[in-house]
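K.L.:
only geometry, no sequence info:
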Ligand SMILES: [Zn+2]
(Lines give C-alpha, C1' and ligand atoms only; values in the text may rest on other atoms or scores of the structure.)
Protein backbone atom coordinates (compact mmCIF):
# COMPACT_ATOMS: atom_id res chain seq x y z
CA UNK A 1 0.00 0.00 0.00
CA UNK A 2 1.29 3.44 -0.81
CA UNK A 3 2.34 5.10 2.47
CA UNK A 4 2.97 8.73 3.36
CA UNK A 5 6.16 9.17 1.25
CA UNK A 6 4.58 7.58 -1.84
CA UNK A 7 1.42 9.69 -1.57
CA UNK A 8 3.57 12.77 -0.95
CA UNK A 9 5.41 11.92 -4.19
CA UNK A 10 2.05 11.75 -6.01
CA UNK A 11 1.04 15.05 -4.43
CA UNK A 12 4.22 16.87 -5.48
CA UNK A 13 4.00 15.57 -9.04
CA UNK A 14 0.34 16.50 -9.45
CA UNK A 15 0.88 19.87 -7.81
CA UNK A 16 3.35 20.70 -10.55
CA UNK A 17 1.27 19.23 -13.39
CA UNK A 18 -2.45 19.80 -12.81
CA UNK A 19 -2.78 23.01 -10.79
CA UNK A 20 -4.29 25.63 -13.11
CA UNK A 21 -5.75 23.07 -15.52
CA UNK A 22 -9.51 23.05 -16.15
CA UNK A 23 -11.57 19.86 -16.13
CA UNK A 24 -13.37 19.27 -19.44
CA UNK A 25 -14.86 15.85 -18.82
CA UNK A 26 -14.92 12.96 -16.36
CA UNK A 27 -15.76 9.34 -17.00
CA UNK A 28 -15.75 6.30 -14.76
CA UNK A 29 -16.95 2.71 -14.75
CA UNK A 30 -17.10 2.40 -11.05
CA UNK A 31 -20.11 3.63 -9.02
CA UNK A 32 -18.83 2.19 -5.73
CA UNK A 33 -15.49 3.94 -5.86
CA UNK A 34 -16.83 7.16 -7.38
CA UNK A 35 -20.10 7.71 -5.53
CA UNK A 36 -20.96 11.13 -6.89
CA UNK A 37 -24.19 12.15 -8.54
CA UNK A 38 -23.94 13.21 -12.18
CA UNK A 39 -25.63 16.47 -11.16
CA UNK A 40 -22.80 17.28 -8.79
CA UNK A 41 -20.20 16.25 -11.33
CA UNK A 42 -21.77 18.49 -13.97
CA UNK A 43 -22.18 21.41 -11.60
CA UNK A 44 -18.94 21.33 -9.62
CA UNK A 45 -16.35 19.28 -11.49
CA UNK A 46 -16.86 19.94 -15.20
CA UNK A 47 -15.43 23.37 -15.96
CA UNK A 48 -13.66 23.60 -12.59
CA UNK A 49 -10.06 24.72 -12.39
CA UNK A 50 -7.63 22.85 -10.12
CA UNK A 51 -6.44 25.22 -7.40
CA UNK A 52 -4.28 23.06 -5.17
CA UNK A 53 -3.22 19.51 -4.40
CA UNK A 54 -2.67 18.53 -0.79
CA UNK A 55 -2.00 15.35 1.12
CA UNK A 56 -3.69 14.28 4.34
CA UNK A 57 -2.32 11.02 5.71
CA UNK A 58 -2.40 8.64 2.78
CA UNK A 59 -5.19 10.58 1.02
CA UNK A 60 -5.03 13.37 -1.56
CA UNK A 61 -7.20 16.46 -1.56
CA UNK A 62 -7.54 18.30 -4.88
CA UNK A 63 -9.21 21.68 -4.33
CA UNK A 64 -11.27 23.11 -7.21
CA UNK A 65 -12.29 26.65 -8.15
CA UNK A 66 -15.95 25.70 -7.55
CA UNK A 67 -15.35 25.37 -3.79
CA UNK A 68 -15.61 21.65 -4.19
CA UNK A 69 -12.77 19.22 -3.66
CA UNK A 70 -11.83 15.78 -4.89
CA UNK A 71 -10.74 13.39 -2.17
CA UNK A 72 -8.74 10.37 -3.37
CA UNK A 73 -7.48 7.33 -1.49
CA UNK A 74 -5.16 4.97 -3.34
CA UNK A 75 -5.60 2.11 -0.82
CA UNK A 76 -3.84 -1.12 -1.84
CA UNK A 77 -3.35 -0.79 -5.58
CA UNK A 78 -4.38 2.74 -6.56
CA UNK A 79 -2.24 4.95 -8.76
CA UNK A 80 -2.57 8.28 -10.54
CA UNK A 81 -1.11 8.86 -13.96
CA UNK A 82 -1.00 12.19 -15.73
CA UNK A 83 -0.63 11.94 -19.50
CA UNK A 84 -0.03 15.11 -21.53
CA UNK A 85 -1.95 15.81 -24.73
CA UNK A 86 -0.84 12.93 -26.93
CA UNK A 87 -0.85 15.04 -30.07
CA UNK A 88 1.97 17.02 -28.53
CA UNK A 89 3.88 14.07 -27.22
CA UNK A 90 4.96 11.13 -29.31
CA UNK A 91 6.42 9.29 -26.32
CA UNK A 92 3.28 8.64 -24.33
CA UNK A 93 2.16 5.94 -26.74
CA UNK A 94 2.08 2.23 -26.03
CA UNK A 95 5.18 0.77 -24.53
CA UNK A 96 5.79 -2.93 -24.15
CA UNK A 97 6.46 -4.14 -20.61
CA UNK A 98 10.01 -4.98 -21.74
CA UNK A 99 10.63 -1.43 -22.95
CA UNK A 100 9.04 -0.06 -19.81
CA UNK A 101 11.21 -2.24 -17.61
CA UNK A 102 14.35 -1.20 -19.51
CA UNK A 103 13.32 2.38 -19.17
CA UNK A 104 12.80 2.02 -15.44
CA UNK A 105 16.02 0.15 -14.87
CA UNK A 106 17.98 2.83 -16.63
CA UNK A 107 15.78 5.53 -15.03
CA UNK A 108 15.44 7.36 -18.31
CA UNK A 109 13.30 10.42 -17.91
CA UNK A 110 9.83 10.30 -19.45
CA UNK A 111 9.96 13.98 -20.35
CA UNK A 112 8.35 14.40 -23.72
CA UNK A 113 9.08 18.10 -23.98
CA UNK A 114 10.03 20.64 -21.33
CA UNK A 115 6.42 21.24 -20.25
CA UNK A 116 4.75 18.02 -21.38
CA UNK A 117 5.61 15.35 -18.86
CA UNK A 118 4.03 12.00 -18.22
CA UNK A 119 3.82 11.35 -14.52
CA UNK A 120 2.76 8.23 -12.70
CA UNK A 121 2.96 7.30 -9.05
CA UNK A 122 1.28 5.12 -6.47
CA UNK A 123 0.97 1.36 -6.81
CA UNK A 124 3.87 0.23 -9.01
CA UNK A 125 2.86 -1.70 -12.11
CA UNK A 126 3.00 -1.42 -15.86
CA UNK A 127 -0.02 0.90 -16.03
CA UNK A 128 2.32 3.67 -14.83
CA UNK A 129 4.06 3.60 -18.20
CA UNK A 130 1.70 1.70 -20.53
CA UNK A 131 -1.11 2.88 -22.78
CA UNK A 132 -4.11 4.31 -20.91
CA UNK A 133 -6.94 3.79 -20.28
CA UNK A 134 -6.38 0.10 -19.58
CA UNK A 135 -8.39 -2.54 -17.71
CA UNK A 136 -7.36 -1.13 -14.32
CA UNK A 137 -8.60 2.40 -15.16
CA UNK A 138 -11.51 3.46 -12.94
CA UNK A 139 -11.78 7.21 -13.42
CA UNK A 140 -10.55 9.45 -16.24
CA UNK A 141 -10.32 13.22 -15.84
CA UNK A 142 -9.87 15.05 -19.12
CA UNK A 143 -8.56 18.62 -19.07
CA UNK A 144 -9.44 21.25 -21.65
CA UNK A 145 -5.93 21.15 -23.13
CA UNK A 146 -6.40 17.45 -23.98
CA UNK A 147 -4.25 16.11 -21.15
CA UNK A 148 -5.64 13.37 -18.90
CA UNK A 149 -5.42 12.20 -15.32
CA UNK A 150 -6.11 8.49 -14.86
CA UNK A 151 -7.05 6.86 -11.58
CA UNK A 152 -6.15 3.19 -11.94
CA UNK A 153 -6.90 0.59 -9.29
CA UNK A 154 -6.60 -3.13 -10.01
CA UNK A 155 -8.18 -4.30 -6.79
CA UNK A 156 -10.80 -1.54 -6.47
CA UNK A 157 -10.28 -0.74 -2.79
CA UNK A 158 -9.47 2.89 -3.54
CA UNK A 159 -11.97 5.69 -3.98
CA UNK A 160 -12.57 9.12 -5.47
CA UNK A 161 -15.07 11.46 -3.85
CA UNK A 162 -16.32 14.89 -4.89
CA UNK A 163 -17.49 16.99 -1.95
CA UNK A 164 -17.81 20.63 -0.89
CA UNK A 165 -14.41 21.94 0.25
CA UNK A 166 -15.82 22.98 3.62
CA UNK A 167 -16.88 19.37 4.24
CA UNK A 168 -13.42 17.83 3.71
CA UNK A 169 -12.41 18.23 7.37
CA UNK A 170 -15.59 16.48 8.46
CA UNK A 171 -15.35 13.61 6.01
CA UNK A 172 -15.47 10.40 8.09
CA UNK A 173 -12.11 9.26 6.72
CA UNK A 174 -10.29 12.58 7.22
CA UNK A 175 -11.88 13.25 10.57
CA UNK A 176 -10.39 10.23 12.30
CA UNK A 177 -6.82 10.89 11.14
CA UNK A 178 -4.20 11.79 13.74
CA UNK A 179 -1.69 14.60 13.21
CA UNK A 180 0.70 14.77 10.25
CA UNK A 181 4.17 13.59 11.28
CA UNK A 182 5.90 16.02 8.91
CA UNK A 183 4.04 19.15 10.02
CA UNK A 184 6.41 21.56 11.72
CA UNK A 185 4.04 21.65 14.70
CA UNK A 186 4.43 17.89 15.16
CA UNK A 187 7.35 18.05 17.61
CA UNK A 188 8.63 15.13 19.67
CA UNK A 189 6.53 15.99 22.73
CA UNK A 190 3.37 15.73 20.61
CA UNK A 191 4.56 12.37 19.27
CA UNK A 192 5.06 11.09 22.84
CA UNK A 193 1.58 12.33 23.80
CA UNK A 194 -0.01 10.64 20.80
CA UNK A 195 1.75 7.33 21.46
CA UNK A 196 0.69 7.44 25.11
CA UNK A 197 -2.94 7.40 23.96
CA UNK A 198 -2.17 3.85 22.76
CA UNK A 199 -0.19 2.86 25.85
CA UNK A 200 -1.66 -0.63 26.19
CA UNK A 201 -0.94 -1.62 22.62
CA UNK A 202 2.08 -3.07 20.88
CA UNK A 203 4.19 -0.22 19.62
CA UNK A 204 4.02 -1.28 15.97
CA UNK A 205 0.22 -1.43 16.13
CA UNK A 206 0.23 2.09 17.59
CA UNK A 207 2.44 3.43 14.79
CA UNK A 208 0.19 1.86 12.14
CA UNK A 209 -2.98 3.29 13.70
CA UNK A 210 -3.93 6.25 11.48
CA UNK A 211 -5.82 7.89 14.35
CA UNK A 212 -2.64 8.01 16.48
CA UNK A 213 -0.69 9.65 13.69
CA UNK A 214 -1.37 9.83 9.96
CA UNK A 215 0.44 8.18 7.08
CA UNK A 216 2.75 5.57 8.61
CA UNK A 217 2.49 2.06 7.20
CA UNK A 218 4.44 -1.16 7.36
CA UNK A 219 7.73 -0.15 5.75
CA UNK A 220 8.34 2.96 7.84
CA UNK A 221 7.13 1.34 11.06
CA UNK A 222 9.69 -1.46 10.67
CA UNK A 223 12.49 0.87 9.60
CA UNK A 224 12.00 3.41 12.38
CA UNK A 225 11.62 0.75 15.12
CA UNK A 226 14.84 -0.93 14.00
CA UNK A 227 16.65 2.42 13.92
CA UNK A 228 15.39 3.21 17.44
CA UNK A 229 16.24 -0.32 18.70
CA UNK A 230 12.68 -0.98 19.84
CA UNK A 231 11.03 -4.37 19.34
CA UNK A 232 7.67 -4.04 17.50
CA UNK A 233 5.84 -6.16 20.09
CA UNK A 234 6.84 -3.99 23.06
CA UNK A 235 3.89 -2.33 24.75
CA UNK A 236 4.00 1.44 24.36
CA UNK A 237 3.72 1.69 28.15
CA UNK A 238 7.03 -0.20 28.51
CA UNK A 239 8.90 2.31 26.32
CA UNK A 240 10.28 5.36 28.11
CA UNK A 241 9.67 8.91 26.89
CA UNK A 242 13.37 9.13 26.00
CA UNK A 243 13.14 6.07 23.77
CA UNK A 244 9.92 7.38 22.18
CA UNK A 245 11.75 10.61 21.37
CA UNK A 246 14.47 8.57 19.64
CA UNK A 247 11.73 6.75 17.71
CA UNK A 248 10.24 10.11 16.69
CA UNK A 249 13.61 11.29 15.35
CA UNK A 250 14.15 8.08 13.38
CA UNK A 251 10.60 8.04 12.00
CA UNK A 252 10.90 11.60 10.69
CA UNK A 253 14.31 10.76 9.25
CA UNK A 254 13.12 7.67 7.32
CA UNK A 255 10.00 9.44 6.03
CA UNK A 256 12.06 12.38 4.75
CA UNK A 257 14.73 10.12 3.29
CA UNK A 258 12.07 8.18 1.41
CA UNK A 259 10.44 11.32 0.04
CA UNK A 260 13.86 12.45 -1.19
CA UNK A 261 14.09 9.19 -3.08
CA UNK A 262 10.61 9.48 -4.54
CA UNK A 263 8.91 7.03 -2.21
CA UNK A 264 9.72 3.39 -1.82
CA UNK A 265 8.76 0.18 -3.42
CA UNK A 266 10.06 -3.28 -3.86
CA UNK A 267 8.89 -3.32 -7.45
CA UNK A 268 9.18 -1.02 -10.41
CA UNK A 269 8.03 2.47 -9.70
CA UNK A 270 8.09 5.75 -11.55
CA UNK A 271 8.25 9.09 -9.78
CA UNK A 272 7.50 12.57 -11.05
CA UNK A 273 10.61 12.61 -13.19
CA UNK A 274 9.98 9.12 -14.56
CA UNK A 275 12.70 7.63 -12.40
CA UNK A 276 12.40 4.46 -10.37
CA UNK A 277 11.83 5.00 -6.67
CA UNK A 278 14.84 3.70 -4.83
CA UNK A 279 14.16 3.96 -1.13
CA UNK A 280 14.10 0.22 -0.52
CA UNK A 281 17.74 0.10 -1.54
CA UNK A 282 18.27 2.15 1.64
CA UNK A 283 16.03 -0.06 3.80
CA UNK A 284 17.85 -1.57 6.76
CA UNK A 285 15.36 -4.29 7.75
CA UNK A 286 12.30 -4.18 5.49
CA UNK A 287 12.29 -7.25 3.21
CA UNK A 288 15.82 -8.11 4.40
CA UNK A 289 14.96 -11.29 6.31
CA UNK A 290 17.86 -13.77 6.26
CA UNK A 291 20.38 -11.01 5.55
CA UNK A 292 22.85 -9.63 8.11
CA UNK A 293 21.85 -6.62 10.20
CA UNK A 294 23.87 -3.66 8.92
CA UNK A 295 24.51 -2.60 12.50
CA UNK A 296 25.47 -5.82 14.32
CA UNK A 297 25.64 -8.62 11.75
CA UNK A 298 22.87 -10.74 13.28
CA UNK A 299 20.43 -12.31 10.86
CA UNK A 300 17.29 -10.22 10.23
CA UNK A 301 14.13 -12.13 11.13
CA UNK A 302 10.61 -11.97 9.78
CA UNK A 303 7.54 -12.51 11.94
CA UNK A 304 3.94 -11.36 12.11
CA UNK A 305 3.05 -8.43 14.36
CA UNK A 306 -0.27 -6.60 14.34
CA UNK A 307 -1.26 -8.81 11.41
CA UNK A 308 1.60 -7.54 9.25
CA UNK A 309 4.87 -9.04 8.05
CA UNK A 310 7.47 -7.58 10.40
CA UNK A 311 11.23 -7.37 10.10
CA UNK A 312 13.49 -7.18 13.13
CA UNK A 313 17.07 -7.65 14.27
CA UNK A 314 17.09 -10.17 17.17
CA UNK A 315 20.15 -8.48 18.66
CA UNK A 316 19.49 -4.74 18.19
CA UNK A 317 15.80 -4.99 19.06
CA UNK A 318 16.07 -7.58 21.85
ZN1 LIG B 1 21.31 -5.69 14.65
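P.N.:
Looks like it came in fine. Just so we're clear, the structure is a prediction, and the values are computed from it rather than from any experiment.
K.L.:
pLDDT below threshold where in the stretch 201-318 of the chain?
P.N.:
262-281 (pLDDT under 70).
K.L.:
Residues of this protein that sit close to the ion?
P.N.:
Neighbours of the ion within the chain, by C-beta under 5 Å from the ion: 293, 295, 296, 298, 313, 315, 316. In this view, the C-beta of every residue, glycine as well, is placed from N, C-alpha and C.
K.L.:
Need the buried ones from these selected in ChimeraX.
P.N.:
Here is the ChimeraX selection string for the buried members of the residues of the chain next to the ion, based on 16 or more other C-beta atoms under 10 Å:
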select :293,313,316
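K.L.:
Tell me the one of the residues of the chain next to the ion nearest residue 248?
P.N.:
residue 316 (18.1 Å; C-beta to C-beta).
K.L.:
and the gap between that closest one and residue 230?
P.N.:
Using C-beta to C-beta, to the nearest Å, residue 316 is found at 10 Å from residue 230.
K.L.:
Mutual contacts of the two, please.
P.N.:
Common neighbours of residue 316 and residue 230 are not found (criterion: C-beta atoms under 8 Å, 6 or more residues apart in numbering).
K.L.:
So if we follow the domain assignment, how does the chain break up?
P.N.:
4-175, 188-312 (automatic domain parsing).
K.L.:
what about the helices in the stretch 151-300 of the chain?
P.N.:
172-175, 188-196, 203-208, 218-227, 241-260 (DSSP state H, counting those that start in this stretch).
K.L.:
Which single one of the residues of the chain next to the ion is nearest to residue 1?
P.N.:
Checking those one by one against residue 1 (C-beta to C-beta), the nearest turns out to be residue 313, at 24.0 Å.
K.L.:
Quick one: residues contacting the nearest residue to the closest one once chain neighbours are set aside.
P.N.:
In space, and not counting its chain neighbours, residue 313 is closest to residue 293: 4.1 Å by C-beta to C-beta, 6 or more residues apart in numbering. By C-beta under 8 Å, 6+ apart, the contact list for residue 293 reads 284, 285, 299, 300, 313, 315, 316.
K.L.:
How about residue 224?
P.N.:
207, 216, 247, 250, 251, 253, 254.
K.L.:
Pull the most distant pair out of the residues you listed.
P.N.:
207 and 253 (14.5 Å).
K.L.:
more neighbours, those two?
P.N.:
Shown here are residue 207 and residue 253; by other C-beta atoms under 10 Å, residue 207 has more neighbours (27 against 13).
K.L.:
who are the neighbours in contact with the more buried one?
P.N.:
With C-beta under 8 Å, 6+ apart, residue 207 has these contacts: 213, 216, 221, 224, 225, 251.
K.L.:
could you redo these as JSON lines and give each row distance to residue 157?
P.N.:
Output for the contacts of residue 207, formatted as JSON lines (distance: C-beta to C-beta, whole Å):
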{"residue": "213", "distance to residue 157": "22"}
{"residue": "216", "distance to residue 157": "19"}
{"residue": "221", "distance to residue 157": "20"}
{"residue": "224", "distance to residue 157": "25"}
{"residue": "225", "distance to residue 157": "26"}
{"residue": "251", "distance to residue 157": "25"}
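K.L.:
Out of those residues, who's the most crowded?
P.N.:
residue 225 (28 neighbours).
K.L.:
That one: what's its closest spatial neighbour, skipping adjacent residues?
P.N.:
Spatial nearest neighbour of residue 225, chain neighbours left out: residue 232 (5.3 Å); criterion: C-beta to C-beta, 6+ apart.
K.L.:
from memory that neighbour sits against residue 310, does it?
P.N.:
Yes - using C-beta atoms under 8 Å, residue 232 is in contact with residue 310, at 5.2 Å.
K.L.:
residues shared between the contacts of the two?
P.N.:
204, 222.
K.L.:
measure residue 129 to the ion for me?
P.N.:
Distance of residue 129 to the ion, given as C-beta to the ion, to the nearest Å: 37 Å.
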